[in-house]
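Enquirer: Below are the sequence and a predicted model; questions follow.
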Amino acid sequence: MRAKVPAVLFVALCLLVAVPAGTGAVTAASTAQSATTPGPASGPADADPAAGVAGDGQATESPPPDPDEDVLGWENGRWYNESVDVNASDGLDRNESARLLNRTMARVELVRGVEFEEPVDLNFRTRSEVASLFGGNVSQYVSPQGLNAKYEALGFAGEDRDAVDVLREKQGGSTAAFVANAEIPELDIQPGDVTIVLDDGQTTFSEVTLAHELVHTLQVQELAFPYRTNVSAIGSTDSFNARRSVVEGEASHAGYLYAQRCDGEWDCVTPQPGGGPGLSDAARALLFMDFVRYGNGGEFVAELREAGGWDAVVDTYDDLPASTEQVIHPEKYRADQPEAVTVPDRSGEAWRPLPEAADTVGEAGLFTMLWFPGFVSRSTVVMEPFAGINRSVRSQFVVDYDHEATAGWDGDRLVPYVSDSADANETGFVWRTEWDSAADAAEFRDAYLSLLSYRGADAVDGRQNTYRIPDDSPFGDAFYVVQNGSSVLVVNGPTVADLSAVHEGAAPEAATATPTPTPTPTATAAPTTTSAPTSTPTATATDAPTATTAGETTARETTAGSGPGVGALGALVAVLTGVALVVRRRR
C-alpha cells in the first residue's frame, strides 16, 4: 500500500440492507446531539478492560499483555478477541464507543492485513446536519434537462418528477455512514474519521458497518488513489461505477469476511432493531444501480484476492476496470474493453443535443432498467423479481447484475435532446447500444420492447418499429426501436412527428403496420418475502462522493413508491437479509 489519497472528499455510501446473521447493531449515545466519540489519540479512549459481563454476551477475561510494538489484531490497548464492556440497550457513551471502535479496528487489521497508522475518530451526526453536504445543490454539476432525459430513458422518473430532486433525495436520504479524506470544518470531521448518520429516533447501527467504513479509512490513510467526486470527472456513469466497484468492493468483501467471523469465532455486539428513511421508487432505482459496486464489486475483489491475495487487489487500483461489464464478469477484466460508441447528431432545427449530458450507463444500468419494474411490482415484467439475487456472491450484499438480457453488452451512448418549443420536462434522446453479437442485440431489443409494453406502448400504424406510450402516463412518449446487426438504436421524442426531428430517418413510413411489442408474460405475483428475523438486522454497503445510505439497521417499509405491497427498499431489505442469512449458513 502507498501514500495517502489526495484531499478530495471521499464518502463511503453505506447502503444498509442486511447485516448478516450473528453481526450486531450497536446503539448510538444520542440521536438528538452530535457527539464525537474520541478514537485512539483523541482523549481518554479505552483504558482498562472492564470486568464483569460484556455487552457482546461473553464474560470478560483478563486480556493478554499489550505488545511492545503495534501488531496486527491489536489497537490502542484492545485485542481483536477481547470482550468489550458495551451495553447496547441504553446507547453508547464516550468510553463504550472507544472500546468498540478499538476492537473493531483490531479486527479489521486482522481481516485486511494492514495496520492503522493514524488515529481514527467515530462521530455521530444527524441526517439534518449532513443533508446539505450530500443532498445539496446537485444541479451545479449536472444538466437538469439532461438528467430528466436520462432518468426517463431508464424508466426511473417520468415527466411528473424532477430528476434533480430525485438525485438529491437519493443522495441525502440514503446516507448511513461515511468516511471523508478531506476535512469537513462545518461538521468538525477530519480525514479518515468514520461518521454514522442517524435519523430522528434512530438508535442503532451495525458493527459490520463500522468495520466496512474502517476499510475506507485504511484506503484514505494508505492508498495513492486519484479519487474523483462526480461522474463528469470520470467520464460516464458506467466508468464511475466500475472504478467505485474496486473501492466499495474491497470494503464489501472485507465486511463479508468480518461477518463470517462474527458467525464463528468472534462474538459481536448484540443486534438491536432500527429503522431508516423512506425513499420514492425513483430514488430506490438510482440506489439499486449503485449496488453493483457492493455486490458484484465484492465478488470481483474476492476473485482478485483468491488469485493473488490482497496485493492483487491493491495492484488493481493502478489498473481499474473500464466498465461494469468487467466487474459483473471478472473474466472480461483486462480482456474485453468496451467499445467507444458515438451517436452522430442528425437532428433538425427544432431539436438540439446536450453533449455535456451524454452518458454511458453500462451493463449495470441496463440491468437495473429491465429488472427494477418487476421488483417494484413484485411480478415478472422483463425479469423475475428476484433475478438480481445470487447466493454465492462473496460480499455484504448478495446482489448480482448478470442476466442474459444484458450480458453481451459491448458499449452504449445516451444523448439527451431538448427543444425550445417543448415543455420544460419534455425531452428526447438517442440511445445506441452495441453488443457482442447480433443474437445478444436481439435479446436486448426484445427485452426493451417488453418493457415498453409493460408501460402501455402500442405499435404506431403506418410506421416501422415505432411505438407510443399514451400521454396520460408519466412516460408518455414515442419510441423508435431498431436493430441493425449487433447494434440497437432507440430514439425518443414527445410525439411520433418529433422522432425524425430528433434523429433524421427515425420512424419511417411503412407499407405494413409495426407489430405490437411482445406482451409481457402474464404478471405472476412473486411469493411474499418473509421478513428477516429480528436477530438479523441490517448489512451495509458504501458509496462515494455521496455518502452512506439509509439507516444502519433494517430499513422500515415505505408507501412512498407506486408499487403495491411492501415498499421496494423494504422488500429489498427483507430479500437480501434472508438470502444473506442462507448464504452465510452455507459457507
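Expert: Arrived safely, thanks for sending.

Enquirer: Could you verify my assumption that Gly295 touches Ser395?
Expert: Yes: shown here, Gly295 and Ser395 form a contact pair, counting by CB atoms under 8 Å, at 5.5 Å. Any C-beta I mention is one placed from the backbone N, CA and C, and that applies to glycine too.

Enquirer: tell me, what's touching the two both at once?
Expert: Taking CB atoms under 8 Å, 6 or more residues apart in numbering as the contact rule, Gly295 and Ser395 both touch Ser252.

Enquirer: Let me see the ranges of the helices in the stretch 101-250 of the chain.
Expert: 127-134, 144-154, 163-173, 207-222, 231-234, 237-263 (DSSP state H, counting those that start in this stretch).

Enquirer: lowest-confidence stretch among those helices?
Expert: Sorting these by mean pLDDT places helix 231-234 lowest, at a mean of 52.

Enquirer: just for the stretch 1-150 of the chain, where's the confidence low?
Expert: Regions of the stretch 1-150 of the chain meeting the criterion pLDDT under 70 cover residues 1-63, 88-91, 135-141.

Enquirer: repeat that with 80
Expert: Confidence mapping of the stretch 1-150 of the chain against pLDDT under 80 gives the ranges 1-64, 86-94, 131-142.

Enquirer: ok, the closest residue to Ala358 other than its chain neighbours to Ala357 distance?
Expert: Once flanking residues are discounted, Ala358 sits nearest to Val415: 4.5 Å by CB to CB, 6 or more residues apart in numbering. For Val415, the distance to Ala357 equals 8 Å [CB to CB, to the nearest Å].

Enquirer: Then Tyr258?
Expert: As judged by CB to CB, Tyr258 and Ala357 stand 40 Å apart.

Enquirer: So these two - more neighbours on which side?
Expert: Tyr258 (28 against 23; other CB atoms under 10 Å).

Enquirer: what's the closest non-adjacent residue to that one?
Expert: Tyr258 sits nearest to Ala211 (CB to CB, 6+ apart), 4.6 Å away.

Enquirer: any idea which element Leu452 lies in?
Expert: Element membership for Leu452, per DSSP states H and E: helix 438-454.

Enquirer: Give the buried residues for stretch 184-200.
Expert: Buried residues in stretch 184-200, counted by 16 or more other CB atoms under 10 Å: 184, 187, 189-199.

Enquirer: Could you point out the member of these that lies closest to Asp311?
Expert: Asp311 has its nearest neighbour among the buried residues of stretch 184-200 in Gly192, at 22.3 Å by CB to CB.

Enquirer: and that closest one, what does it touch?
Expert: Taking CB under 8 Å, 6+ apart as the contact definition, Gly192 lies against 118, 120, 179-181, 217, 220-221.

Enquirer: Which one (most neighbours) among the residues you listed?
Expert: Most neighbours among the contacts of Gly192, by other CB under 10 Å: Val179, with 29 neighbours.

Enquirer: how much space is there between the residue nearest to it when sequence neighbours are not counted and Ala511?
Expert: The shortest distance from Val179 to any non-neighbouring residue, by CB to CB, 6+ apart, is to His216 (4.1 Å). Separation of His216 from Ala511 (CB to CB) stands at 60 Å.

Enquirer: Looking at those two, which has the bigger crowd around it?
Expert: Between His216 and Ala511, counted using other CB under 10 Å, the more crowded position is His216 (29 against 6).

Enquirer: My guess is the more buried one contacts Ala254. True?
Expert: No: at 9.9 Å, His216 and Ala254 do not qualify as touching, with contact defined as CB under 8 Å.

Enquirer: Can you tell me the SS state at the residue nearest to Ala358?
Expert: Following DSSP: H, G, I helix; E, B strand; the rest coil, we place Val415 in the strand state.

Enquirer: Correct me if wrong: it contacts Val361.
Expert: No: the pair Val415 / Val361 is not scored as a contact, 12.0 Å apart, by CB under 8 Å.

Enquirer: got the contact list for Lys332?
Expert: Counted by CB under 8 Å, 6+ apart, Lys332 has contacts 325-326.

Enquirer: And the pLDDT for the residue nearest to Ala358?
Expert: For Val415, the model assigns a pLDDT of 97.

Enquirer: Return the set of residues that bridge with it.
Expert: Legend: beta-bridge partners of Val415 under DSSP bridges are Val430.

Enquirer: What is the neighbour count of it?
Expert: Neighbours of Val415 (other CB under 10 Å): 25.

Enquirer: farthest pair in the buried residues of stretch 184-200?
Expert: Pairwise distances across the buried residues of stretch 184-200 (CB to CB) peak at 25.5 Å, for the pair Pro191 and Asp199.

Enquirer: Could you list the low-confidence segments of the stretch 301-450 of the chain?
Expert: 421-425.

Enquirer: the helices in it, which residues?
Expert: If DSSP H, counting those that start in this stretch is used as the criterion, the helices of the stretch 301-450 of the chain fall at 324-328, 362-377, 438-454.

Enquirer: For Ser280, find the nearest of those.
Expert: helix 362-377 (10.7 Å).

Enquirer: tell me how far that closest one is from the chain's mean position?
Expert: Helix 362-377 sits 13 Å away from the centroid of its parent chain (CA atoms, centre = their mean, to the nearest Å).

Enquirer: go on, stretch 143-153?
Expert: Chain-centre distance of stretch 143-153: 20 Å, with CA atoms, centre = their mean.

Enquirer: Convert stretch 74-92 to CSV, retaining C-alpha atoms only.
Expert: The C-alpha coordinates for stretch 74-92 follow below in CSV (Å, rounded to 0.1, in the frame of the first residue of the first chain):
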residue,chain,number,x,y,z
TRP,A,74,-4.2,-5.1,18.5
GLU,A,75,-5.1,-1.5,18.5
ASN,A,76,-4.8,1.1,21.3
GLY,A,77,-5.0,-1.4,24.1
ARG,A,78,-7.6,-3.7,22.6
TRP,A,79,-7.0,-7.2,21.2
TYR,A,80,-9.3,-8.4,18.4
ASN,A,81,-10.6,-11.3,20.5
GLU,A,82,-11.3,-9.4,23.7
SER,A,83,-14.7,-9.0,25.1
VAL,A,84,-15.7,-5.4,25.5
ASP,A,85,-17.9,-3.8,28.1
VAL,A,86,-20.6,-2.3,25.9
ASN,A,87,-24.3,-2.1,26.8
ALA,A,88,-26.1,-1.5,23.6
SER,A,89,-29.5,-1.2,25.2
ASP,A,90,-29.1,2.4,26.5
GLY,A,91,-26.8,4.0,24.0
LEU,A,92,-23.0,4.1,23.7
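
Enquirer: please begin residue numbering at 822 from this point
Expert: Noted, 822 is the first residue going forward, which turns the last one into stretch 895-913.

Enquirer: Look up which helix or strand the residue lying farthest from the centre of the chain falls in, please.
Expert: Largest separation from the mean C-alpha position in the chain: Ala1332, at 46.6 Å (CA atoms, centre = their mean). Counting by DSSP H and E, no helix or strand carries Ala1332.

Enquirer: Return the residues in contact with it.
Expert: Contacts here follow CB under 8 Å, 6+ apart; on that basis Ala1332 touches nothing.

Enquirer: ok, back up a step: TSV please, covering the buried residues of stretch 1005-1021 and showing pLDDT and distance to Val1135.
Expert: Formatted as TSV, these follow (pLDDT from 0 to 100; distance: CB to CB, whole Å):
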residue	pLDDT	distance to Val1135
Ile1005	88	27
Leu1008	85	30
Ile1010	89	26
Gln1011	89	24
Pro1012	88	20
Gly1013	90	18
Asp1014	93	23
Val1015	94	21
Thr1016	92	25
Ile1017	89	27
Val1018	87	29
Leu1019	83	33
Asp1020	79	35
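
Enquirer: Looking at these, spot the one nearest Gln992.
Expert: Val1018 (11.9 Å).

Enquirer: Name the nearest residue to the closest one, sequence neighbours excluded.
Expert: Leaving aside its sequence neighbours, Val1018 sits nearest to Thr996 (CB to CB, 6+ apart; 5.0 Å).

Enquirer: Just confirm the one you found contacts Phe955, I think it does.
Expert: Yes: the pair Thr996 and Phe955 qualifies as a contact (CB under 8 Å) at a distance of 5.1 Å.
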